[in-house]
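*Asks:* Provide a 3D model corresponding to the input given below.
(2 chains)
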Amino acid sequence: MATADLTRRGALPNPDVRKYEDVNKAVLKVLSRPGKGWWTLFSIAVAGVGVFLVSWFYQIYKGIGVSGLNAPVGWGVYITTFVFWVGIAHSGTLISAILFLFRAPWRQAIYRASEAMTVFAVMTAGLFPLIHVGRVWHAYWLVPYPNSRFLWPNFRSPLVWDVFAITTYFTVSAVFFYLGTIPDLAAARDHARGLRQKFYRVISLGWRGTDREWHHFSKAYIYLAALATPLVLSVHSVVSWDFAMAIVPGWHTTIFAPYFVAGAIFSGVALVITLAVPMRKFFGLEEYLTVKHFEAMAKLCLLTSMIVLYAYMTEYFLAWYSGEPPERGSFWNRVFGHYWWANWIMLTCNGLVPLMLWFKRVRRSIAALFVISIFINIGMWFERFVIIVTSLSHEYEPWAWGLYRPSVVEMGILLGSFAWFGFWFLLFTRLLPPVAIAEMKEVVPPPRRGKGAS
Amino acid sequence: MSDGLRRRDFLKVVGVGGAGATVAGCSTDKVERLIPYVVPPEEITPGVATWYASTCGECASGCGIRVRTREGRAVMIEGNPDHPVSRGGLCSRGVSALQGLYNPDRVATPLRAGADGFEAITWDEALALLAERMGTGGRSLFLTGRKGTTEATLLNSFVEAVGGDRVIHDPLDDPALRRAVEIAFGVAALPRYDIAAADFLVSFGADFLETWVSPVRFAADFAEMHAVDHGEKGTFVFVGPRLSLTGQNADEWIPARAGAEANIALALAGELVRRGGDAGPYSEMVSRYTLEDAAQQAGIEAEALAGLADRFAEGSALALGPGFANHHGGATAANLAVLILNVAAGSLGRTLHIDAVPETEASSYRAVADAITAMNSGTYGVVAVSGTNPVYSLPPVSGFRDAFTAVPFKVAFATTLDETAALADLVLPDAHPLESWGDSDAAPGTYAVRQPVTRPLPMYDSRPMADVLLETGRNLGHDGFGAATFHEYLRAANAAWLEEFGAGMGITGDPDTLWRELLRNGSSSYPVELSQVTALQAPTTAVDFGAPSLRGDGDFTLLVHPSPRFGDGTHSNRPWLQELPDPVSKVMWQSWVEMNPATAERLGLRTGHMVNVATEHGTAELRVWAYPGIREDAVAIAMGGGHTEYGRFANGNGVNPMAMLPVAVDGTSGTLALVSTRATIDATGAWRRLATTEGSSDQDDRNVTPAVALSALGHAAAAEEHDAHGQIRELNEAGGFQRVETEGRAEDFPLPGSDFGEYAEDHPRWAMAIDLDKCTGCGACVTACQAENNIPWVGENQALMGREMHWLRLERYYETVDASHAGTLDIRFLPMLCQHCNNAPCEPVCPVFAAYHTPDGLNAQAYNRCVGTRYCANNCPYKVRVFNWYRYTSENIPEPMNWQFNPDVTVRDNGVMEKCTFCVQRIREAGNRAALEGREVRDGEVRPACQTVCPAEVIAFGNVKDPDSRVAALARDERSYRVLDAFINTQPAVHYLKKVTHHDVDEGGH
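*Replies:* Below is the predicted model of the structure:
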C-alpha cells in the first residue's frame, strides 16, 4: 500500500520518526523505571482501591442499606457506574477491531491504550453487579451451572443476558488485547534485562517474528477483530435491555440499544482522549500520538454526540407523542423535576459542549479536547444517572414516588472504581508497551516495505 | 433371696437411671418455659393454632377479639365476628396489643424507689409494703382509667373498704357529652348512636372513625350507612376546622371555625323548628338562632347551612359531636346543642337512643383537679395509679406532677413504666390484658368476657391488679370480697348475675356450661328491655351557648387532637403503631404541625420546615406538614409524641402538645378543653425531612383511584361504548376476571399467550376485591398484615429514607379539598398491596426465578432464592415490593417481641426482597384442611389478615374462577376496575370497586 494511500486514509507517516528503531526506543523507554509522578499516581490509586474494598466489605458486612437506595429507587449509583464502565469499554474494541476492519490507520497510535482501557473498564464494570446485589454470596446463582436440584437461572431476565454479554465481552476483548501485544512483548523482551526479561519471555510466548508467525498472527488478529466487532454492538445493546425490557416509563423504549451503543462509543472515545493526553505528555509520545489522531477521535466524538443528542430529543418527542400520562410525567420530571440539575448536566455536557467540535480549531487543540473529554465523561455518567434514578423515582404510582440520595459508601465505591481502573492502567503503562510498536512501524515512512502489513 | 444387688437389678437401675439422666439433661428449664401452656397440653397440637375469644383491653370500647395462639404463644389478634360491638372488626391499636404483651420495656419485678432510682424487690416485700402503707399511711386515692365492669366493682369496693377515694382520668372519655345527655334527658350516659340507620350524617368534629366512643363499631355502621347499596348511599357532612380521618371520609366539608358548632347546631335546630320540627322545651330558645348569624360566626357561607337544614328535614338524619378533639370552654353547651338538633330533626328514637342506664365509669377533669388540690393539702397519704398516665396526658400547668410527687407514698400498677409510674415509690408489674381476666358490657344486652390467652410471660413477674387488690384486702383484714383470685371473683359475679336475672331472661342451664360457652364465644347477648328516654327535658342547669374565648394572642387556633394511632399517648411505645403512617398525615415516628398550604405559603414555609409553635405555656419545635384539610386560621398537633419515660420506642419521638395547653375547663361538665388557646408560629429557618410515605397525593392523570357519581351508576355500559380506548379495554379485560360473559369465560384459562406457568387449569385463581366506597383509610389492615407476616419495623432513620417494610399501604389522594369554602369534599383512599398480576412485570426480570407464579395464580417470592438484584421492585408499577436493606428482623426486634412471630411465615433476612403473599400460609392451611376433609375450599374460608380486621368489610377474597364466589361477583360489579391495567396490561388479581360520590366526577380517559 502506498504511503499516499495511507495518508489519504488518515494515517500520517510521522516525518520525525525516521527509523524503526526509533519506534522501539521511544515506546520501550516508557517501560523503564517509573518516576516520582508515576509512583504518586500509583499510590493514590492503591489508596483508592483500599477505599473501594473497605467500602465494599463494609457494605457486605452491614447490608446493602449502607447505600442510599430505597423504594422506589432500587438502582442508583452502582448501576449507573456499571453502565458507565461498560460504556467506556466500548471504544477500545471499536478502535482496535472495527477501525482495524475498516482500515482506518489513524487507530494505530491509540489502539493499544484503548484496548487496555477496554479490558480494565470491563474488569471494573463486572464488579458492580456484584457490589449492587443484596446477597453477593449467592450471586453465582445467576450463572447456569449444573446442580442436583435442576435450578437454572431465568433466561427471560435481561440480567442473565448481562452475565453472558459481559463475560463474553471480557473474554474476547482480553484475548484480543493479549494477542495484539505479543509481537511488542517480544520487542520488550529483546530490550529488557533481568527479571523483566524473564517476565516478557514467558508472556511473549516465544515470538520470533518469522514470516510464518506473522502470517498466523495477522489471520488470528483479523478473525478476532471480526468476532469482537459484533460484540461492540451486542454488549451495550444487552446492557440497554436491562432497562428497555422493563416497563418503567423512561426505560421502556425501542431506541435504547442504538442509543446506548452510540453513548458507549461516545464516552469511550472521550475517556481515550482523557487518558491519551497526559500519557502523550508524560511519556513523550507526541510524535506518535499526533494532533491528527486526536482530531480523528474528536470527529468520532462529534458524530456519536449528535446521535446521542438525537436520541435525547427522540425520547422527549415520543414521550409527548405517546399521550400516556406516566410516560409524559416521567420526562417532564426529568427536565423540571427534583433531578433537573442532573438532566441539565447531561444535556450540557453531552449535547451542547461537544457542539464546539464542529470547529476545526477546537478539534485540533489538545487542551480543548482534554477539557471537552472531561465534560463528556461527566455528562455520560450523569446520562445513566438520569435514566436510572429519575425514571425510578417517578414511575406509575404517584403515591410511591420518592427520592434517592447517594450515600458516602456509594461515593466511596464510585471513586474507588476509578482508582481500581487507574491501578490497572498505571501498571499497564509500565509493564506493556502502551503504543503498538509493530503497527506503528507500518505507518512510518518505509526505508523498505515492511512485513505483514495489511 | 441373696443379699445386695443382683446383676440384673444393677443393669436395670443403670439403664433406667442413665436414660432418665439423658432425658433430664435434654429438657432444661428453658425448653419447658418456651411453651407456656394455658390449657392442658392434650388440647394443643403442635403446628395447629388454638384460638381464644376475648375482649380487647386497649381502650374502653370493649371490642371482641379472637387471639390466635401457637404452642402457647399469642401470635395474632383478629376481630371476633360474633361480638355485638365490633362485629369482626378491629383497629390498629387492638392488633398492637400483642406488642403490649411482648413489650421489652415491661416492668419485670416489683420496684421500690430508692436513693439511686428503682430497686427490684420481691412480691412478698412489695405486698407487705403496700399493706403497711395502705393500712397506716393515711387516706388513699385511686387514680385510674376506666375499668371493665367487674374490675371496677372490685376496685370500688376495695376503695370503700380501705376508706379512700377513686378518681377516673381518661382523656379519651367524653364527659361533656355525658353531662349534656344528663341535662337534656336526665341520664348521665353516652347516647347510643345507630349510624347505620341514618341516611344523612353530620359530624360536628367527632372523630368517630378513630378514637371517639367506639370507633370500630362506628366504622362498621358507617360503612353500612355510607357505602352504596342498590343505587342508594347516605351522605356524610363534616363540620369543623380540621379534617380528621373521619372528616376525610365526608362527602361535604363545612370548614367552620373552631367553637362554632353550638351556634350552627342551634341555628339548624331553629330552622327545623320553624319548618315544623319540635325541640321540646328548647323550641323557643333555638328559634332565636339564625343560619346567617351562625354562618358568619363560623366563617362560612350561609347557603351551605341552608342546604344542611333541608336535608335534616328530609328524613333519617343523625348529628354527632363535637367530640373531645373540639372541646372548648363551652363543650357541654355544644354537645347539648347537637342533641337538641337531633331531637328537632326527629332523630331521637330512630338514630339516636338514650338508654335510661347511667354510667359509673365516667371520667372528669374536675375530679382530677380536686384531687390535685387535695394532694397538695396533704389529704392523701397513699395514691395508687392504674391505667392512666396523668403526668403525661395533663397539661403541666395543672400542677399534677408536683402534687403527685409530694404525696408520701405513691404506688403504680403498670405493665410498663410511664411518666407517672416513674415518679412512684412502688411499682407493681401489672399483667397485660391478654394475660388476665376481665369483662365488659360495652353495649346494652351484651356481656363480654376477657380471658387470658397465654400464661403470663415468664420473664415478667407480673400480677393482675385485681389479684393484688384482693390479696392486699386480705392483708389489711378485709375479707368482704369473697374470692381468693379475681378469676373466682369474676365467676362469682357472673353466677350471681345469672341467679338474679338469668331465669327472667330465659337463660337457663348449668352455670359452668354457660361459662364455658361464654369463654368459647367471647360474649353473650341477652334479651333486655331497656327503657329509653323519648323526649327532651327542661333544662335544669343554665348553659351558655356562646362561642368560647381562646387564650393567648397568636394568629392561629391550636387544635390538639388524639392520635388515631396512639390515642392519648397510651399506645406510643409500640413500634407497629409508631411506624404505621398516621392515617391523616402519613407521617411515621415523628410529630408535625398541620397547617393549610395557603397559610404556609403566606409564612414562606413548605412541608418539612421547622417552626416554633408557641403558646403562653410552652413552645415546641415541629416540622410543618402542609395540609389542605385544615382552616387557614388553625394549626393542629396530634397527641402521643414526646414521651420521656415510656420505653425505647416512644421516648424522644415527637412532642407532646399537652405541654402547651393551659388548663381550660368546661364549667358545666368539668371537661378539660383541648381547644383553648391560640398559638404563634415562628419559622426557625431549618428544614428537616418528614418520615412520610406520601410521594404525591395527586393522581397526576393516572386515575389510579377513579370514582363514579351515584347518578352515573347503572349507566356504566353506555359510558364504556363511548370510550375512546374501547379497543385497549377489550384487550385488558382478556385477563383475570371477564366482564363479558361470552368471551374469556373462567373455563378459558389459561389465557392464550399467558401459558408460561402462570396458571394451571385445575387450580383456583385467588383474587381479592376491595371496595373503595367502604374504605375509611384507618390502617388496621396495615398493622394486621405486619403482625401476621412477621414484617419488621425499620425505625425513624430508615423510614426517612423510604425503606418502611409494609406489604400493604394506604394511599390517600386529594381530589377536592377546600378549606375556605363549604362544599364538596373528595378524598380517595387506595389500599395498595401486591396485585398478584396475571401478567406480572416482576416475574420475567428476576434472574433466578425467586419471583414466580404459582399454579393458583399467586405471585410468589422464594426468599431463599432471592439474590437481591431489586429488578423486580423496579419493574413493579405498584411499588409493593419491599427490600430488607439490613437485618431488620434480627437487629430491630428485641426479645421477647420475637415471641410474637407467626411460625407459619418465614422470617426474612438481609438482602432479600419480600412482598404480600395474599397470606399464602392461610391459603395453604385452608387447602390442607379441605383436602383432609375431602372437599373443595369453601368460598370465604380463606381470609387474609387484612380482611379479618377490617371493620368496614372492605376486602373480599376468594377464587375468582368460581363464578359463584363473592369475589367473582364483586369483580363483575360495574364499579370494578383494576389499577393501571389500562396502561400496562398487568391484569391484576386485585379488583377495586370505585368510590361512589354524590357529586359528578370526571371518570378520566383511562
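
*Asks:* ramachandran angles for B:Asp441?
*Replies:* Main-chain torsions, B:Asp441, degrees, to the nearest 10: phi -120, psi 80.

*Asks:* how about the residues of the stretch 151-300 of chain A by chain B?
*Replies:* Residues of the stretch 151-300 of chain A lying near chain B by CB under 8 Å from any CB of the partner chain: A:151-154, A:156-160, A:163, A:242, A:245-248. C-betas here are computed from N, CA, C, even on glycine.

*Asks:* ok, now with 7 Å
*Replies:* Counting by CB under 7 Å from any CB of the partner chain, the stretch 151-300 of chain A comes close to chain B at A:Pro153, A:Asn154, A:Arg156, A:Ser157, A:Pro158, A:Leu159, A:Val160, A:Ala246, A:Ile247, A:Val248.

*Asks:* so the third one, which state does it fall into?
*Replies:* Right, A:Arg156. coil (DSSP: H, G, I helix; E, B strand; the rest coil).

*Asks:* now the buried members of the residues of the stretch 151-300 of chain A next to chain B.
*Replies:* The neighbour-count test (16 or more other CB atoms under 10 Å in any protein chain shown) marks A:Pro153, A:Asn154, A:Ser157, A:Pro158, A:Leu159, A:Val160, A:Ala246, A:Ile247, A:Val248 as buried among those.

*Asks:* got TSV for these, with pLDDT too?
*Replies:* Listed next are those as TSV, based on pLDDT from 0 to 100:
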residue	pLDDT
A:Pro153	93
A:Asn154	92
A:Ser157	93
A:Pro158	93
A:Leu159	94
A:Val160	94
A:Ala246	93
A:Ile247	93
A:Val248	94
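
*Asks:* flag the shaky bits of chain A, pLDDT-wise.
*Replies:* A:1-19, A:443-454 (pLDDT under 70).

*Asks:* give me the most central residue, it.
*Replies:* The centroid of chain A falls nearest to A:Ile88 when counting by CA atoms, centre = their mean (2.0 Å).

*Asks:* what residue in chain B comes nearest to chain A?
*Replies:* Relative to chain A, the nearest point of chain B is B:Gly868 (2.0 Å; CB to the nearest CB).

*Asks:* just to be sure, that residue is in a strand?
*Replies:* No: assigned with three-state DSSP, B:Gly868 falls outside any strand and is coil.

*Asks:* where's the spatially closest residue to it that is not a sequence neighbour relative to B:Tyr871, distance?
*Replies:* Spatial nearest neighbour of B:Gly868, excluding adjacent residues (CB to CB, 6 or more residues apart in numbering or on different chains): A:Gly134 at 2.0 Å. To B:Tyr871, A:Gly134 is 11 Å away according to CB to CB, to the nearest Å.

*Asks:* now B:Leu423
*Replies:* 55 Å.

*Asks:* those two: who's more crowded?
*Replies:* B:Tyr871 (27 against 19; other CB atoms under 10 Å in any protein chain shown).

*Asks:* who are the contact partners of the residue lying closest to the more buried one once chain neighbours are set aside?
*Replies:* Distances taken as CB to CB, 6+ apart put B:Val845 closest to B:Tyr871, at 4.5 Å, once the chain neighbours are dropped. Under the criterion of CB atoms under 7 Å, 6 or more residues apart in numbering or on different chains, the contact list for B:Val845 reads A:Ser157, A:Pro158, A:Ala246, B:Tyr871, B:Cys872, B:Asn875.

*Asks:* which among those gets closest to A:Ile95?
*Replies:* Distance to A:Ile95 across these (CB to CB) is lowest for A:Pro158, with 27.3 Å.

*Asks:* what residues are up against the closest one?
*Replies:* Taking CB under 7 Å, 6+ apart, we find A:Pro158 in contact with A:Trp241, A:Asp242, A:Met245, B:Val845.

*Asks:* pretty sure the second one contacts A:Asp162?
*Replies:* Yes: using CB atoms under 7 Å, A:Asp242 makes contact with A:Asp162 at a distance of 6.2 Å.

*Asks:* of the two, which one has the most company?
*Replies:* With neighbours defined as other CB under 10 Å, A:Asp242 and A:Asp162 compare such that A:Asp242 has more, 27 against 22.

*Asks:* and the host helix or strand of that one, what does it pack against?
*Replies:* Assigned by DSSP states H and E, A:Asp242 belongs to helix A:211-244. In terms of contacts (3 or more CB pairs under 7 Å, 6 or more residues apart in numbering or on different chains; DSSP states H and E), helix A:211-244 is packed against helix A:77-93, helix A:99-101, helix A:158-191, helix A:256-282.

*Asks:* deepest-packed of those helices, please.
*Replies:* helix A:77-93 (a mean of 28; mean count of other CB atoms under 10 Å in any protein chain shown).

*Asks:* do it and chain B meet?
*Replies:* No: if you take CB under 7 Å from any CB as the test, helix A:77-93 misses chain B, and the best it gets is 9.5 Å.

*Asks:* the bottom helix or strand of chain B by mean pLDDT?
*Replies:* helix B:726-732 (a mean of 42; mean pLDDT, DSSP states H and E).

*Asks:* any idea how many residues pack against B:Asp700?
*Replies:* With other CB under 10 Å as criterion, B:Asp700 counts 20.

*Asks:* find the nearest non-adjacent residue to it, please.
*Replies:* A:Pro398 (4.9 Å).

*Asks:* chain A contacts on the stretch 701-850 of chain B?
*Replies:* Within the stretch 701-850 of chain B, the residues that sit near chain A (CB under 7 Å from any CB) are B:701-702, B:704, B:801-803, B:811, B:841, B:844-849.

*Asks:* just the buried positions in stretch B:312-332, please.
*Replies:* B:312-313, B:316-332.

*Asks:* where do the strands sit along the stretch 901-1006 of chain B?
*Replies:* Using DSSP state E, counting those that start in this stretch, the strands of the stretch 901-1006 of chain B run over B:913-914, B:955-959, B:976-977, B:990-993, B:995-997.

*Asks:* just the helices in the stretch 1-150 of chain A please.
*Replies:* A:3-8, A:20-29, A:36-62, A:77-93, A:99-101, A:111-132 (DSSP state H, counting those that start in this stretch).

*Asks:* tell me which of those is the most buried.
*Replies:* helix A:77-93 (a mean of 28).

*Asks:* now for that helix, which elements pack on it?
*Replies:* If you count contacts as 3+ CB pairs under 7 Å, 6+ apart, helix A:77-93 packs onto helix A:111-132, helix A:211-244, helix A:256-282, helix A:366-385, helix A:408-431.

*Asks:* export the strand or helix carrying A:Ile345 to CSV, keeping only CA atoms.
*Replies:* Using DSSP H and E, A:Ile345 sits within helix A:340-346. What follows is helix A:340-346, C-alpha atoms only, in CSV (Å, rounded to 0.1, in the frame of the first residue of the first chain):
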residue,chain,number,x,y,z
TRP,A,340,-33.5,18.6,36.9
TRP,A,341,-29.9,19.5,37.5
ALA,A,342,-28.7,16.0,36.6
ASN,A,343,-30.6,16.2,33.4
TRP,A,344,-29.2,19.6,32.5
ILE,A,345,-25.7,18.5,33.3
MET,A,346,-26.3,15.6,30.9
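
*Asks:* how far is it from where the chain is centred?
*Replies:* Helix A:340-346 has its average C-alpha position 22 Å from the chain's average C-alpha position, going by CA atoms, centre = their mean, to the nearest Å.
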